[in-house]
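Participant: Next one to model:
(2 chains)
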Amino acid sequence: MISIQDLTKYYGSNCAVDHINMEISKGEIVGLLGPNGAGKTTTLRILTCYMKPTSGDITVKDYNIHENPIEIKNMIGYLPESAPLYHQMMTYDYLQLVGDIRNIPPDEREKRIEELADLCGIREIMHKNINELSKGYKQRVGLAHAMMSDPEILVLDEPTSGLDPNQIIEVREIIKEIGKTKTILFSTHILSEAEATCNRIVIINQGKIVADKPTEILLQTANVDYSLSMTLMNADFPSISSKIRGIEGVSDIKEVKNENNSLSLQIFCNTHKDIREDIYKTIKSTDSILLEFTRESASLENVFRKLTKEN
Amino acid sequence: MADTKQFDLKQIFKIRGILQVFKKDFKTYFVSPIAYIVISIFLIIIGYLFFSTFFLKNQASMRDFFTMLPLFFCFLIPAITMQLFSEEINIGSYEILLTMPVSFIDIIIGKFLASLAFTVITILPSIVYAVTIGFLGKLDMGPTIGGYIGAIFMASAFCSIGLFASSLTRSQIVAFIIGVAICFLLWLINQIVYFIPQPFTNVVQYLGVDYHFKNISRGIIDTRDIIYFLTINFIAMYATKLVMEEKK
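Facilitator: Sure thing, here's the model as predicted:
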């Protein structure tokens, strides 16, 4: 449905997006991840025809961003970062305006605003000025704005930034709900969010795609690299570390703290296998007493850190 | 047949886009009290200046009013147009505007028409002066109607200049100053024409806005004057489009 080909964008001599290639098919929820300044927003802005790329192309269905921007804009509902809405307007008037520009007939518009009021939880602020709203509510109005014309594609730039934890969960639910029928592309730097909502994750760093995989597969890769933390009593670091290093799958071991006769260690593993059993047996064979032993939850964060720091 | 139909639809679509941008920006003028303040101050000052000498001259004519108008417009119109782009760029709603299904042309013409309509509303109450004068003596209708037509042409030229100034910067004050500078320069040309060497007088005179406005407000509507104003419109709007494209 969306096809990004060799997309490049320079700001002066600074390359924000560097030859990105990506295909997004209908019904996918794609999370665009990356550190600040990675080129997420720029990519989304080019897709929504706000900016022109330096080179490269994006086609949405049969339309091209250079030749048919209006048709593409018609198909896409877009929530820009931090929802810069017309702040002097009332929420209701604003949504009316959006409906008008997006060519929705007046009676349908009314119905749609009703639906969105419930879906986005903005019923009680319909007759308030947008500049009086809190950031969370602004974000919700922005979301309603993006969904006004019931577009086939939703592009959301950091949709949950500035929301409280309850609202974040609500927005995620909304995204998941809409994602059943629509194509969604959203950017975030909250990893758990991408993990919870997307069926595909694209990680961008310094303008390049460093990973583009379905969420489960990416999480599996995350499981290869994990770490264990352990606290022992009655142990000295050199002898313990040499014994643990002998276990297959252990890549490194680090002393975290050593005081009051208790030694904290962090063990880095690089294997699909769970080697906790082997480590326990090794400890058992010594005089040391095991006080704590936990596996740090393997998450996207590991992958993210690894992929974005390498370059 | 199919071709013409498609063409028609495209035309309608365009007009829709312009209309929607126009509606939005025109409404925006009236949500804050600034609009009413601008209108009142304009009417009070120009009314005072006009009527303070009116009874001394004892002539039933709007001539003095229209003589003052260009200079007033130099300051009034940039104040009206300064927010059109600057504010949107500043608060970021420019991104929302550009990602809606409207084209650059729709946005430029829509905003231009909104500011022009507002200017027309600002000078509209001054018709009361004309009516009052009509009661006091015999008002010459030709120059009065011509004056208003000329005022609209001049306003449209200044509005497009103000629009261009607004597209350059995110600061409304800077947009206002640039707008005033360009409009004032165009007005000033006719005041300094006496210092220009003879062979160039005609050319320089033709460039000034006051000269063309005076022609129309005499009640003579000449195509040369209309072409002059339309040319300014075109150049300023085209420059605005270039600025917008450059921003992409």
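Participant: what's the residue in the stretch 151-300 of chain A that chain B sits nearest to sitting at in phi/psi?
Facilitator: In the stretch 151-300 of chain A, the residue found nearest to chain B is A:Val155; the distance is 8.7 Å by CB to the nearest CB. Heads up, the C-betas are built off the backbone N, CA and C, glycines and all. Phi and psi for A:Val155, reported as degrees, to the nearest 10, are phi -120, psi 120.
Participant: so who does it touch?
Facilitator: A:44, A:47-48, A:76-79, A:146, A:184-186 (CB atoms under 8 Å, 6 or more residues apart in numbering or on different chains).
Participant: taking these one by one, which sit in helices?
Facilitator: Counting by DSSP state H, the contacts of A:Val155 place A:44, A:47, A:146 in helices.
Participant: Just the closest of those residues to A:Pro165, please.
Facilitator: A:Ala146 (22.0 Å; CB to CB).
Participant: what about the nearest residue to the closest one once chain neighbours are set aside, neighbour count?
Facilitator: For A:Ala146, ignoring the flanking residues on the chain, the nearest one in space by CB to CB, 6 or more residues apart in numbering or on different chains is A:Gly77 at 3.8 Å. By the measure other CB atoms under 10 Å in any protein chain shown, the count of residues near A:Gly77 is 27.
Participant: related to what we said a few turns ago, which residues does the residue of the stretch 151-300 of chain A closest to chain B form a beta bridge with?
Facilitator: Counting by DSSP bridges, A:Val155 forms beta bridges with A:Tyr78, A:Leu185.
Participant: I only care about the ones in helices among the contacts of A:Val155 that end up buried; give me the ChimeraX line for that.
Facilitator: Here is the ChimeraX command that selects the buried residues among those (16 or more other CB atoms under 10 Å in any protein chain shown):
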select /A:44,47,146
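Participant: Switch the ones in helices among the contacts of A:Val155 over to TSV; also include pLDDT.
Facilitator: Shown next, in TSV, are the ones in helices among the contacts of A:Val155 (pLDDT from 0 to 100):
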residue	pLDDT
A:Leu44	91
A:Leu47	91
A:Ala146	90
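Participant: The one helix or strand B:Ile235 maps to: which residues count as buried?
Facilitator: Counting by DSSP states H and E, the element that carries B:Ile235 is helix B:223-247. By neighbour count on 16+ other CB under 10 Å, the buried set for helix B:223-247 is B:225-226, B:228-229, B:232-233, B:236-237, B:239-241, B:243-244.
Participant: isn't B:Tyr206 right up against B:Ile227?
Facilitator: No: applying CB atoms under 8 Å as the test, B:Tyr206 and B:Ile227 come out as separate, 10.5 Å apart.
Participant: How about residue 88, nearest residue that isn't a chain neighbour?
Facilitator: In the absence of a named chain, this looks at chain A. Closest residue in space to A:Gln88, ignoring its immediate chain neighbours: B:Val31 at 4.9 Å, by CB to CB, 6+ apart.
Participant: ah, no, chain B please
Facilitator: Nearest residue to B:Glu88 in three dimensions, chain neighbours excluded: B:Tyr94, at 4.1 Å (CB to CB, 6+ apart).
Participant: Would you mind measuring from B:Cys183 to B:Ile235?
Facilitator: 14 Å (CB to CB, to the nearest Å).
Participant: What of A:Thr231?
Facilitator: 77 Å.
Participant: How about A:Ile46?
Facilitator: A:Ile46 is 30 Å from B:Ile235, by CB to CB.
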